[in-house]
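Novice: structure for the following, please:
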Amino acid sequence: MQEWSDYRHHSGLSLDLLHAQFSHHSYPLHSHDYYVIALVETGLQYFRLGKQKYLTQPGGLIFLNPGESHTGEPEGGGYRYRAMYPQVEHMQAIAQEMGMQTELPLFPSPRRNNALLAKSFAHMHALLMKQENNLAAETAFIGTMAKILRAFGDAKSPVAKTATIRRALAFIHENYAQPISLNELAALESLSRYHFLRSFGNQVGMPPHMYIENYRIAAAQRLLATGLPLAQVAVQVGFNSQSHFTRRFRQTLGVTPGRYARLLQA
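Specialist: Numbering: from 1, shown residues only. Got it, this is the predicted structure:
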């Protein structure tokens, strides 16, 4: 199975989309500050979320909430899938219009099967990938997402991070582009390095160094959208080389930063 990926940005909806086929590429443990909603079209895909492994067969839908640490890997000969990355603002607006009483709609289960919704999602995704920027595209997006939220969403508010690592997270968010030591982070919470790592992993789902790299990638996405050169973005978000930045970006998003930037500019 030949690998390929087609990453698009729908300017009218401010929405990123991916249509890809992977036989070897594996997403490392990572998280996003936005949702991931995906449909496996052919083949088999599996991902790990927390301590569980989920297998997705053709027609299977995947729902990942912001901040959830996960992987993504081909099973057997590989898979082809469609993915969409709604921002928190997208989901909040749709939930409010539906009358859901929640600060943030969540998906309690990352894996679901529903033939009708899978077909609706595939139609909507294909329409948006064509860059249709009209009433039909907006209607398909709002209608499909409302059906998905009604079927699989949970109106419970997100669980706040406990005070145990709140100071460390704030420090990372302010200093992610600089070298950060484990001693610094543990000292912020008055914990030993061992207990800090244990608390951080339990609450975030990944070790601090991986969380920082993910935060850097998210920052790079925002900077690339402004048109900054790749080399400048790599340095500005804290990567010590452009090759490391490019490799990590592609691992996380399935597309190189250069192509991602060109798509946004187009």
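
Novice: and the helices in the stretch 1-150 of the chain, which stretches?
Specialist: Here the stretch 1-150 of the chain has its helices, by DSSP state H, counting those that start in this stretch, at 88-98, 115-129, 135-152.

Novice: with mean pLDDT, mean neighbour count and distance to Ile62 added, can I get those helices in a markdown table?
Specialist: (Glycine included, C-beta is placed from N, CA and C.) Shown next, in a markdown table, are those (pLDDT from 0 to 100; neighbours: other Cβ atoms under 10 Å; distance: least, Cβ to Cβ, whole Å):
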| stretch | mean pLDDT | mean neighbour count | distance to Ile62 |
| --- | --- | --- | --- |
| helix 88-98 | 89 | 16 | 15 |
| helix 115-129 | 95 | 17 | 11 |
| helix 135-152 | 88 | 17 | 11 |
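
Novice: and Thr246, which of those is closest to it?
Specialist: Smallest distance to Thr246 across these (Cβ to Cβ): 24.0 Å, for helix 115-129.

Novice: the closest one to helix 135-152, inter-axis angle?
Specialist: Orientation check (axes from the mean of the first three to the mean of the last three Cα atoms, to 10 degrees): helix 115-129 against helix 135-152 gives 150 degrees.

Novice: show the contacting residues for the closest residue to Gly50 other than its chain neighbours.
Specialist: Nearest non-adjacent residue to Gly50, counting by Cβ to Cβ, 6 or more residues apart in numbering: Gly205, 6.5 Å away. Counting by Cβ atoms under 8 Å, 6 or more residues apart in numbering, Gly205 touches 29, 31, 50, 67-69.

Novice: for Arg198, which three-state class applies?
Specialist: helix (DSSP: H, G, I helix; E, B strand; the rest coil).

Novice: mind checking how far it is from Ile165?
Specialist: Counting by Cβ to Cβ, to the nearest Å, the separation of Arg198 from Ile165 is 11 Å.

Novice: spit out the contact partners of Met98.
Specialist: Going by Cβ under 8 Å, 6+ apart, the list of residues near Met98 reads 146, 149-150.

Novice: typed the wrong thing, it's Gly201
Specialist: Gly201 sits in contact with Pro207, where contact means Cβ under 8 Å, 6+ apart.

Novice: that one falls within a strand, correct?
Specialist: No - using three-state DSSP, the assignment for Gly201 is helix, not a strand.

Novice: gap between Ile62 and Ala186?
Specialist: Distance, Ile62 to Ala186, by Cβ to Cβ: 35 Å.

Novice: could you pull out the strands for the stretch 1-150 of the chain?
Specialist: Along the stretch 1-150 of the chain, counting by DSSP state E, counting those that start in this stretch, strands occupy 4-10, 15-22, 27-30, 36-49, 52-56, 60-64, 70-85, 111-113.
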